[in-house]
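Visitor: Coordinates for the following, if possible.
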Amino acid sequence: MISVIICTYNRQKYIYNVLKSLAEGTIPAADYEVVLVDNNCTDDTRSEVERFQTDFPAVQLRYVTETNQGLSHARNRGIRESRGDILVYVDDDATVNPGYLKAYADWFRAHPETDAAGGPIIPRYETGAEPRWMTYFIKRLLTGYLYFGRKPRTFPGSNYPGGGNAAYRKRVFDKVGLYNVKLGRNGNNLGGGEEKDIFDKMKRQGMQFIYLPDAILYHSIPGYKLEQDYFDRVTRGIGSSERARTYWVGQKAYRRRLLSEANKWVVTIALWCFYLITFRPQCGNKLVQFRRNVTRALIGQ
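Guide: Residues are numbered from 1 along each chain as shown. Model prediction:
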C-alpha cells in the first residue's frame, strides 16, 4: 500500500486542489491512503479538507495535527502515522499528473532493489510569465524545478529527489533514522537541508534512488516567491541550514562544505562573465546575490 504524506501549514488556497489531483489519478482508491499532517494551521485548511472528503468519499484520508512546529516534525509524524510500505511526500501547494501514484506503485513493485525515487517538478507561475532574471540554478532554488529527461535513471551527480515529490520504502527510515528536527522549515522560517541530510545518509549506506519521469508534480509559484525579500530569505536559509547540517556531522564536514562553497564561487564568477557577454547581466547579478547570501549565512554572518 502507498501512503501519501502531505504536510501543510496555512495553505487553504491550494490544499483542495492537490487532494483532488490525487483522487482523480489512475490508481484505485483502495491502493493508497492520504495522511494529511496539519502543522498548526491557523487558516481554513481543515474546512477545505472536509470539503474534499465530501466530494471524494472513497479516498482513505486521515487528518492529524502535529503541534511541534516545523516541517521535519510534520514529516516524522507522517512516517509514524502511515500504514503503507511506500511513503510518498507531496507538497501542499502543488498538483500531480493522473499517472503519478501509479508510476511510483509500478516501479517499486517491479524493482525491489530501489529504496527511494522522485519525479519531475515543474513550476507553474501564478503571475503568468517567468522573470527575465531566472536561470536554471535560480529556478531550482526558488521553484524546486527538477527534470532529467523522459527515461527512468539514477539521479545524476550529487542530485537527489525534491522534497515535495519523493517516495521512499518505509524501511529506509528504520535504517537512516527520521528527519533531523533541527533542520527544515519552521512556520515562516525558510530553512532547509533535511532532505539532503536523509539522502546523504542513504548514499553512505549504498541505497539506490531513481528518477521517474512519469511521476510529475506541478508546483504553484505565487508572485511573492519572485520578490527580492523572499529570495534573500530563502538563500540565507540555505546557508544557515548547510552550516547546521554539516556542523551536525562534524568539523571535517563543515570544512569540506566551506571548500565546496569556494569552488561554487569560481563557477558563479564564470557564469556571471558568461551572462555579461551574452547581454543578460540581470541573470548573472542574481546568481551573485544567491551565492553571497548563502556564503554569509554559511560562515555565520
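Visitor: quick one: secondary structure of residue 148?
Guide: coil (DSSP: H, G, I helix; E, B strand; the rest coil).
Visitor: Okay, strands next: where are they in the stretch 201-301 of the chain?
Guide: 209-211, 217-221 (DSSP state E, counting those that start in this stretch).
Visitor: Including mean pLDDT and mean neighbour count, could these go into TSV?
Guide: For glycine as for every other residue, the C-beta is placed from the backbone atoms N, C-alpha and C. Listed next are the strands of the stretch 201-301 of the chain as TSV, based on pLDDT from 0 to 100; neighbours: other C-beta atoms under 10 Å:
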stretch	mean pLDDT	mean neighbour count
strand 209-211	96	21
strand 217-221	97	21
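Visitor: what's the spacing between the closest residue to residue 16 other than its chain neighbours and residue 57?
Guide: The spatially closest residue to residue 16, leaving aside those adjacent along the chain, is residue 48, at 4.7 Å (C-beta to C-beta, 6 or more residues apart in numbering). From residue 48 over to residue 57 the distance is 16 Å, taken as C-beta to C-beta, to the nearest Å.
Visitor: higher neighbour count, these two?
Guide: More neighbours surround residue 48 than the other of residue 48 and residue 57, with 20 against 9 (other C-beta atoms under 10 Å).
Visitor: returning to what we had before: residues touching the residue nearest to residue 16, list them.
Guide: 12, 15-16 (C-beta atoms under 8 Å, 6 or more residues apart in numbering).
Visitor: Residue 281 now?
Guide: By C-beta under 8 Å, 6+ apart, residue 281 lies in contact with residue 275.
Visitor: again, 10 Å this time
Guide: Contact analysis of residue 281 by C-beta atoms under 10 Å, 6 or more residues apart in numbering lists 133, 272, 275.
Visitor: ditto for residue 66
Guide: The neighbours of residue 66, taking C-beta under 10 Å, 6+ apart as the test, are 7, 9, 37-40, 73-78, 80-81.
Visitor: ok, back up a step: make JSON lines from the contacts of residue 48 and add secondary structure to it.
Guide: Shown next, in JSON lines, are those (three-state DSSP):
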{"residue": "12", "secondary structure": "helix"}
{"residue": "15", "secondary structure": "helix"}
{"residue": "16", "secondary structure": "helix"}
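Visitor: which of those tops the neighbour count?
Guide: Within those, neighbour counts (other C-beta under 10 Å) peak at residue 15, which reaches 26 neighbours.
Visitor: Touching, residue 155 and residue 147? I think so.
Guide: No. Residue 155 lies out of contact with residue 147 (C-beta atoms under 10 Å); the separation is 11.8 Å.
Visitor: Give me the phi and psi angles of residue 165.
Guide: For residue 165, the backbone dihedrals (degrees, to the nearest 10) come out as phi -150, psi 70.
Visitor: which one is it nearest to, not counting chain neighbours?
Guide: Setting aside the residues directly before and after it, residue 165 is nearest to residue 217 in space (C-beta to C-beta, 6+ apart), at 4.0 Å.
Visitor: Tell me the bridge partners for that neighbour.
Guide: With DSSP bridges as the criterion, residue 217 is bridged to residue 96, residue 121.
Visitor: re earlier: could I get the CA-only coordinates of the host helix or strand of the residue nearest to residue 16 as CSV?
Guide: Element membership for residue 48, per DSSP states H and E: helix 45-55. Provided in CSV are the C-alpha atoms of helix 45-55 (Å, rounded to 0.1, in the frame of the first residue of the first chain):
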residue,chain,number,x,y,z
THR,A,45,-7.3,24.3,5.9
ARG,A,46,-9.5,21.8,7.8
SER,A,47,-12.7,23.1,6.2
GLU,A,48,-11.1,22.6,2.7
VAL,A,49,-10.1,19.1,3.6
GLU,A,50,-13.6,18.4,4.9
ARG,A,51,-15.0,19.7,1.5
PHE,A,52,-12.7,17.3,-0.3
GLN,A,53,-13.8,14.4,1.9
THR,A,54,-17.4,15.2,1.0
ASP,A,55,-16.6,15.3,-2.7
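Visitor: what does the model give residue 187 for pLDDT?
Guide: In the predicted model, residue 187 carries a pLDDT score of 66.
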